[in-house]
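S.K.: 3D, please:
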Amino acid sequence: INLFSFPAYLLHLLLHFLLYQLRFFLLYFLLHLDRIKEATEKMNTYMHELSTKLYEQAKAREGEASAAGEAEGDKGESSEDENVVDADYDVQDEEGSTKEKSEAGTEESEGASGEDKQES
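M.R.: Next up is the predicted model:
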């Protein structure tokens, strides 16, 4: 008995088995191609109907939520529970100059570099 030929023989048997299975699968696929196409079309139709219904439900919920939000907003826009703070803040750019954002929404430069003055 030659031990080196035994693994080659097993590999040969495995390849034959896989080719047989592949032929069987292809034959089955070709014979039932019409059924597969029909089932795929049914599935696509079903998924289209389902997604349409879900989209309509989402739109309906969005409409209800916006209507409810408008109704609550009409009751009183300024309630005592709200804590609103109007504040100033500073923005620093990469060069280190600071810009102050005021309540009116204008920007004022506190530490502007000499480059800005030279350009004007």
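S.K.: Could you use CA atoms for every contact and neighbour count after this?
M.R.: OK.
S.K.: residue contacts, Val85?
M.R.: Not one residue lies near Val85 by C-alpha atoms under 8 Å, 6 or more residues apart in numbering.
S.K.: Val91 versus that one, what's the distance?
M.R.: 18 Å (C-alpha to C-alpha, to the nearest Å).
S.K.: Now stretch 21-34 - C-alpha only, PDB.
M.R.: Extracted in PDB, the C-alpha atoms of stretch 21-34 (Å, rounded to 0.1, in the frame of the first residue of the first chain):
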ATOM      1  CA  GLN A  21     -23.500  18.000  -6.500                       C
ATOM      2  CA  LEU A  22     -22.800  21.100  -8.700                       C
ATOM      3  CA  ARG A  23     -24.400  19.400 -11.700                       C
ATOM      4  CA  PHE A  24     -27.400  18.400  -9.600                       C
ATOM      5  CA  PHE A  25     -27.900  21.900  -8.400                       C
ATOM      6  CA  LEU A  26     -27.500  23.400 -11.800                       C
ATOM      7  CA  LEU A  27     -30.000  20.900 -13.300                       C
ATOM      8  CA  TYR A  28     -32.500  21.600 -10.500                       C
ATOM      9  CA  PHE A  29     -32.100  25.300 -11.000                       C
ATOM     10  CA  LEU A  30     -32.600  25.100 -14.800                       C
ATOM     11  CA  LEU A  31     -35.600  22.900 -14.400                       C
ATOM     12  CA  HIS A  32     -37.300  25.100 -11.900                       C
ATOM     13  CA  LEU A  33     -36.200  28.500 -13.300                       C
ATOM     14  CA  ASP A  34     -39.800  29.500 -14.000                       C
END
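S.K.: tell me the mean pLDDT for that stretch?
M.R.: Averaged across stretch 21-34, pLDDT comes to 89.
S.K.: Stretch 62-82 too?
M.R.: 67.
S.K.: any chance you could map the strands in this structure?
M.R.: Secondary structure of the chain (DSSP state E): strands located at 89-92, 98-101, 107-109.
S.K.: how about the helices of the chain, start to end?
M.R.: 5-31, 33-75, 114-119 (DSSP state H).
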